[in-house]
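S.K.: Return a 3D structure for these sequence lines:
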Amino acid sequence: MNIEIRDGDEKKPAQAKKPTDSQSELRQDIITGDWVVIATGRAKRPDDFITKERIEEDPNVADPFVDLVASGQKEPVLVYRKPDGDWSLVVIPNLYPAFAAGRMPKDHSEGPYFAINGVGYHEVIITRDAKKSLADLELWQTAEVVDAYQSRYSSLMTKKSVKYIQIFHNHGKEAGSSIAHPHSQLMAIPVVSPYIELQLRGAELYYRNHKANVFQSILDHECESGVRRVYENEHFLVFCPFASRVAFELWILPKRSDNPYFERITEEEKISLADALQKTLKALQKGLGDPPYNFFLNTSPCDGREYPHYRWHVEILPKTSVWAGFELSTGIEVSTIEPEKAAEYLREQIQSE
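M.R.: Numbering: from 1, shown residues only. This is a model prediction of the structure:
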């Protein structure tokens, strides 16, 4: 496997007083503190939101990730090549980024409201085979994906405009994948995710109250109980969380303690993570008929602070239902199967392989 690393940083423009037409804006809810992205670079017309009949994917539409040059993609920032010279994985800047390269974000407040321009980085991690999902790849190919995650994370985490890096994967149209060719995405942003801040506060509070790491407490109990365990290898435990937000929610939790930062993953852990991820996604594929899903990698912010009570991990959320009035109004999600039964069912899928 040959790896090409290229300088993917775009030339930094001078600071603008306000976002340009193609630049996103981060707006903060002054009541909850939550952030939203107004992605003007991806802007749609109002009539684009009119509900239409579901359209199946047109097989005649060209795959933009097969021939990157012909489809006008940007220059790759990372390339993995097979012995025959063809690429097996490539990382490119997103052609329509939600966050675009720039200097430090600037305040664009309006009355009581607070906003900043959406500077950052938005990249796409693409595997070569257009038809094989991560569940279908060979172990070395999935490990290559994990390696690319770490490589690009490490390259972007020191940028002055970056405080948090989110790596995620959408599988299926219902999960938000607009291009069928399997790919993951990375967004390096100038603010810390509110969800991560919530987890960080919870981990800190648990430590104050119990003098123990909450992730280690979860790991110890799930290993001992076994009722929600789906899969386990030397370095990771896969389980359905006790308070699963959706049916068949899964977490992949590292066993190594004092492990808040994904970028510090070892070579052995990369192989183990690839194994755990592949077996878990294969179980979903086999047991639930290849449902759409999202998975995302949660890690400590890259803002220069220490987070000793956190532990990086992967969360997998199958799209088995749609949020309705109760969920939207309360923020309390409704799962229609006990995590214990979901875990037992997925265990059976893995054991039958």
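
S.K.: the helices in the stretch 101-250 of the chain, which residues?
M.R.: 139-156, 194-210, 214-225 (DSSP state H, counting those that start in this stretch).

S.K.: Can you name the residues that contact residue 235?
M.R.: Applying Cβ atoms under 8 Å, 6 or more residues apart in numbering, we find residue 235 in contact with 254, 255, 256, 268, 269, 272, 273. Bear in mind the C-beta positions are built from the backbone N, C-alpha and C, glycine included.

S.K.: what's the distance between the closest residue to residue 252 other than its chain neighbours and residue 178?
M.R.: Using Cβ to Cβ, 6 or more residues apart in numbering and skipping residues adjacent in sequence, the residue nearest residue 252 is residue 314, 4.0 Å away. Residue 314 sits 22 Å away from residue 178, going by Cβ to Cβ, to the nearest Å.

S.K.: which of the two has more neighbours?
M.R.: Each of residue 314 and residue 178 has its neighbours counted (other Cβ atoms under 10 Å); residue 314 has more, 25 against 7.

S.K.: which stretch of helix or strand covers the more buried one?
M.R.: strand 313-318 (DSSP states H and E).

S.K.: Could you tell me the angle between that strand and helix 214-225?
M.R.: 60 degrees (axes from the mean of the first three to the mean of the last three Cα atoms, to 10 degrees).

S.K.: heads up, I number from 56, so please use that
M.R.: From this message on, residue numbering opens at 56, which makes the last subject strand 368-373.

S.K.: For the next helix or strand after strand 368-373, give me every contacting residue.
M.R.: The helix or strand immediately downstream of strand 368-373 is helix 380-385, counting by DSSP H and E. With Cβ under 8 Å, 6+ apart as the test, helix 380-385 has contacts from 387, 388, 389.

S.K.: before we move on, the earlier item: of the helices of the stretch 156-305 of the chain, which approaches residue 365 most closely?
M.R.: helix 249-265 (5.1 Å; Cβ to Cβ).

S.K.: and this structure, what are its domains?
M.R.: 57-246, 250-406 (automatic domain parsing).

S.K.: any chance you could map the strands in the stretch 306-408 of the chain?
M.R.: Using DSSP state E, counting those that start in this stretch, the strands found in the stretch 306-408 of the chain span residues 348-353, 368-373.

S.K.: Give me the residues contacting the first one.
M.R.: Spelled out, that is strand 348-353. 204, 221-227, 230-231, 250-251, 254, 317, 332, 336, 339, 367-374.

S.K.: 6 Å instead?
M.R.: 222, 223, 224, 225, 226, 230, 368, 369, 370, 371, 372, 373 (Cβ atoms under 6 Å, 6 or more residues apart in numbering).
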